[in-house]
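**Q** Test case, fold it:
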Amino acid sequence: MFDISKLSTHYCVRYMSDSDADALLAFCLRNDQYYRYCGKQPSRELILHDLHITPPNTSAEAKYYVGFYDGDILVAIMDLIDGYPDRSWI
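**A** Sure thing, here's the model as predicted:
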């Protein structure tokens with residue numbers, strides 16, 4: 001298991017879950033560059049989907065969807081798949 005606390009020495013890092021969907025959506029609506037690039041509109045349903053989707057042949061245990069907080073303010077999110085990509089998924 002990956003220790004997410006090592007991802008930042010400045011921000012508080014914590015796992016995001018379905019209960020964080022509204023906060024994640026608010027963040028994505030303020031920071032929509034990724035979604036504009038993908039040609040999508042951020043939505044609660046899309047956030048809930050992203051919280052759980054993994055690449056083929058990747059276990060859910062390898063997925064770390066985390067938020068970076070400056071105090072109570074969500075300043076960044078990261079969808080990390082530990083060990084991906086490697087040759088095993090090809």
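
**Q** okay, CA-based contacts and neighbour counts for the rest of this
**A** OK.

**Q** where does the protein dip in pLDDT?
**A** Along the chain, segments meeting pLDDT under 70 span 87-90.

**Q** same thing but at 80, please
**A** 1-2, 84-90 (pLDDT under 80).

**Q** Please enumerate the helices of it.
**A** 21-30, 33-38, 44-52 (DSSP state H).

**Q** any chance of those in TSV, with mean neighbour count and distance to Lys6 too?
**A** Shown next, in TSV, are the helices of the chain (neighbours: other Cα atoms under 10 Å; distance: least, Cα to Cα, whole Å):
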stretch	mean neighbour count	distance to Lys6
helix 21-30	16	22
helix 33-38	11	25
helix 44-52	15	21
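
**Q** got those as a markdown table, with distance to His10 columns?
**A** Below are the helices of the chain laid out as a markdown table (distance: least, Cα to Cα, whole Å):
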| stretch | distance to His10 |
| --- | --- |
| helix 21-30 | 19 |
| helix 33-38 | 24 |
| helix 44-52 | 24 |
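
**Q** looking at those, which is closest to Val13?
**A** Checking the helices of the chain against Val13 by Cα to Cα gives helix 21-30 as the closest, at 14.0 Å.

**Q** Using PDB, write out the CA atom coordinates for that closest one.
**A** Extracted in PDB, the C-alpha atoms of helix 21-30 (Å, rounded to 0.1, in the frame of the first residue of the first chain):
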ATOM      1  CA  ALA A  21     -18.300  14.300  -4.900                       C
ATOM      2  CA  ASP A  22     -19.800  17.800  -4.300                       C
ATOM      3  CA  ALA A  23     -16.500  19.300  -3.200                       C
ATOM      4  CA  LEU A  24     -14.700  17.600  -6.100                       C
ATOM      5  CA  LEU A  25     -17.300  18.900  -8.600                       C
ATOM      6  CA  ALA A  26     -17.000  22.500  -7.200                       C
ATOM      7  CA  PHE A  27     -13.200  22.200  -7.600                       C
ATOM      8  CA  CYS A  28     -13.500  20.900 -11.200                       C
ATOM      9  CA  LEU A  29     -16.000  23.600 -12.200                       C
ATOM     10  CA  ARG A  30     -13.500  26.300 -11.000                       C
END
